[in-house]
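>>> Fold the following for me, if possible:
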Amino acid sequence: MSESAYRVETTPRLAQWRIETLSSCTYRKSDPFKIGLWNWFISVERNKQLFVKLYPEMSSVTREQPPVASFIMKLVSSSSSNRKTLVHPGICDKQLKNNDDFIWAIDASFTGKFVIEVEFLDLKIVPPSGGEPSSIWSSYHVEKHSISTSLFSLRRMLTEGIQTDITINASDGSISAHRALLAARSPVFRSMFSHNLKEKELSTVNISDMSSEACHAFLNYIYGNFQAGEFLIHRLALLRAADKYDIADLKEACHDSLLEDIDDNNVLERLQTAHLYRLTKLKTGCLKYLVNFGKVYEIREDFNLFVHDADRELIVEIFQEILAAWRGF
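Predicted coordinates:
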């Protein structure tokens, strides 16, 4: 069978799959085809009935934002002697995640050539923050372009120093920034610039506990110019800054990232950090690594030094975990 037998022809909202022959007890699945944000498949199976399925390809996009679809499906017999059309009653705002979410069982027997046609009336996604699904066609691309353009403009404001009005002094250099943007992202900065503090009078902010590189990473995040490499390098400094200037989303991003790569070399430092900044998930992850997985015995010397200098409250928590683990055996 030729490759074209599995190809689905598409326009932005219409898909047609032409099937030349389909014998009894036959299963066939189309090649993937792109409609909206997703790749789709159509499958057809003839047994006692004809079963037609439409479903999105499993991917990160589908898992994170499964389509909420409205569509009309038709089967059109292309036999010149007995041309007929069957139309599904229609699907409205149905979330499709896998190949069992839409199944059309047809009693009528189609012989010879026929066409499966899908007309997508709308495709929606649920916003990451929740709420009602919104159409990807009514505003999605405009919104996406607007956000992209705005972020690009913000990056230019920082990298090119466009109309800057505040200087941030790091431990080994200074960076120009915009007080309005800093105030919008941080209630601490907003308070600095709203009251008669020295930062308002002198148009400077001293962040002496950050290097200029870490400060660049901090500002890049604030201005929407996220750089993965520098974020990983400066996570601890960014966590301190996020806590100090009350930027909750950055603090949570650092929290999640520090949890991802705990090992023998950093677990004690991460545990101390979690305790200092009240990072519950990170503390739990470190204690699980040390106690449940028995790593405390593999880094015994470092652990003994850590216990000697660590906060008493934290030491109590650690030994409570160890005792609970012992009782569990």
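
>>> and whichever strand or helix holds Glu317, which residues are buried?
Element membership of Glu317 [criterion: DSSP states H and E] is helix 312-328. When burial is assessed from 16 or more other Cβ atoms under 10 Å, helix 312-328 yields the following buried residues: Leu314, Ile318, Glu321, Ala325. Every C-beta, even on glycine, is put in place using the N, C-alpha and C of the backbone.

>>> do stretch 83-90 as well
Neighbour-count burial for stretch 83-90 [16+ other Cβ under 10 Å]: Leu86, His88.

>>> All the strands of the stretch 201-329 of the chain, in order from the start?
Taking DSSP state E, counting those that start in this stretch as the test, the strands found in the stretch 201-329 of the chain are 204-206.

>>> Find the nearest non-adjacent residue to Pro12, please.
Ile35 (7.5 Å; Cβ to Cβ, 6 or more residues apart in numbering).

>>> so what's that neighbour up against?
With Cβ atoms under 8 Å, 6 or more residues apart in numbering as the criterion, the residues that contact Ile35 are Thr10, Pro12, Arg13, Ala15, Phe120, Leu123.

>>> What are the structural domain limits within this structure?
According to automatic domain parsing, the chain comprises the domains 3-132, 261-329.

>>> Kindly reformat those domains as CSV containing distance to Ser176.
Formatted as CSV, these follow (distance: least, Cβ to Cβ, whole Å):
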stretch, distance to Ser176
domain 3-132, 33
domain 261-329, 29
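
>>> closest one to His234 among those domains?
Among the domains of the chain, domain 261-329 comes nearest to His234, with 13.6 Å by Cβ to Cβ.

>>> for the chain, what's the longest strand?
Longest strand of the chain, by residue count under DSSP state E: strand 114-125.

>>> That strand pairs with which strands, parallel or anti?
Applying DSSP bridges, strand 114-125 is found paired with strand 14-19 (antiparallel), strand 68-77 (antiparallel), strand 134-135 (antiparallel).

>>> still on that earlier bit, looking at the domains of the chain, spot the one closest to Ala217.
For these, the distance to Ala217 is smallest for domain 261-329, at 17.1 Å, taking Cβ to Cβ.

>>> okay, which residue is most central for this structure?
Glu64 (6.9 Å; Cα atoms, centre = their mean).

>>> Let me see the contact set for that residue.
Counted by Cβ under 8 Å, 6+ apart, Glu64 has contacts Pro128.

>>> Point out where the stretch 201-329 of the chain drops to low pLDDT.
Under the criterion pLDDT under 70, the flagged ranges of the stretch 201-329 of the chain are 201, 327-329.

>>> 80 instead?
Along the stretch 201-329 of the chain, segments meeting pLDDT under 80 span 201-202, 324-329.

>>> circling back to that earlier point, when you compare pLDDT across the contacts of Ile35, which one is lowest?
Ranked by pLDDT, those bottom out at Pro12 (89).

>>> which residues in the stretch 1-150 of the chain form helices?
Assigned by DSSP state H, counting those that start in this stretch, the stretch 1-150 of the chain shows helices spanning 60-64, 141-159.

>>> Give me the neighbour count for Asn169.
Close neighbours of Asn169, defined as other Cβ atoms under 10 Å, add up to 16.

>>> can you count the residues close to Ile222?
For Ile222, the neighbour count with other Cβ under 10 Å is 23.

>>> Just read off the phi/psi values of the closest residue in space to it that isn't next to it in sequence.
Counting by Cβ to Cβ, 6+ apart, Ile222 lies nearest to Arg185, which is 5.0 Å off, once chain neighbours are set aside. Arg185 has phi and psi values of phi -90, psi -20 when expressed as degrees, to the nearest 10.

>>> any idea of the pLDDT on Arg185?
As predicted, Arg185 sits at a pLDDT of 94.

>>> Relative to Gly161, how far out is it?
18 Å (Cβ to Cβ, to the nearest Å).

>>> So for the two, which sits in the more crowded spot?
Each of Arg185 and Gly161 has its neighbours counted (other Cβ under 10 Å); Arg185 has more, 20 against 12.

>>> Quick check: that one touching Asp249?
No. Applying Cβ atoms under 8 Å, one finds Arg185 not in contact with Asp249, separated by 9.0 Å.

>>> Skipping its backbone neighbours, what lies nearest Leu151 in space?
Gly224 (4.2 Å).

>>> ok, now which ones touch that neighbour?
With Cβ under 8 Å, 6+ apart, Gly224 has these contacts: Ser150, Leu151, Leu154, Arg155.
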